[in-house]
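# whatever this is, show me its structure:
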Amino acid sequence: AEVVASDKSRDIAILKLERIPEGITAIKFGKPCLPGQSIHSVGNPGASGALWSYAFGKVRQNYYMQSRFDFGKTQMQMLETTAMINPGDSGGPIVNDAGELVGLSQSYHRQHRGYAYGVDISEIKWFLKKYRKSQTNTVQSEDKPQGGSGSVFSNPSAATSGSFKDVDLFASALKDN
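Modelled structure (predicted):
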């Protein structure tokens, strides 16, 4: 896959695949989650030996947050959940009970493994809208109110080295959303 757009402050990217396997359909987008709502995530934690792993959880909160990682600062609407994510899961889909995309796995709390974080669907929609308007490989973030901090978070994706290879947004499959 080729990275066609990225927004480092949201830790999100769009990948262009050489081809999309037959039978793949676009995922429907859901609405932002509320506390207590059930969510499901799928990831690819290399340590488990499994190709894919599933985690169930509940939404704790949905709020704006700033964090610092090795690759830089992020600022976004964040989905805080109880779903256990691990290194390699980042970029994997978070869906609601109807199977609609409500976020992308992003990080977990180093001291409290029961706290996982995801990029909220509102950020994904914003990013895709900006990309479609600009059609450039860099989507500039807009300033948002200050909030949160984050040296205690661990980002399990390859994005910590500046690579966005784990992000699972397939731009060509999202045209219906």
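
# helix, strand or coil for Asn86?
Under DSSP: H, G, I helix; E, B strand; the rest coil, Asn86 falls in the coil class.

# number of residues surrounding it?
Using other C-beta atoms under 10 Å, the number of residues around Asn86 comes to 19. Where C-beta positions appear, they are placed from N, C-alpha and C, glycine not excepted.

# which residues of the chain fall in helices?
Per DSSP state H, the chain carries helices over the ranges 121-134.

# with adjacent residues omitted, what lies nearest to the residue nearest the centre of it?
Centrality entry for the chain: nearest residue to the mean C-alpha point is Leu104, 2.5 Å, by C-alpha atoms, centre = their mean. Excluding the flanking residues, the one nearest Leu104 by C-beta to C-beta, 6 or more residues apart in numbering is Val119, at 4.6 Å.

# ok, now Tyr63?
For Tyr63, the spatially nearest residue (C-beta to C-beta, 6+ apart) is Met78, at 6.1 Å.

# for the nearest residue to Gly57 once chain neighbours are set aside, what are its contacts?
Nearest non-adjacent residue to Gly57, counting by C-beta to C-beta, 6+ apart: Ala83, 2.9 Å away. Applying C-beta atoms under 8 Å, 6 or more residues apart in numbering to Ala83 gives the contacts Ile39, His40, Ser41, Ala55, Phe56, Gly57, Ile94, Ser105, Ala116.

# so the residue sitting furthest away from the middle of the chain versus Ser122, what's the distance?
Outermost residue of the chain with respect to the C-alpha centroid, by C-alpha atoms, centre = their mean, is Glu22; its distance is 24.4 Å. Distance of Glu22 to Ser122, given as C-beta to C-beta, to the nearest Å: 32 Å.
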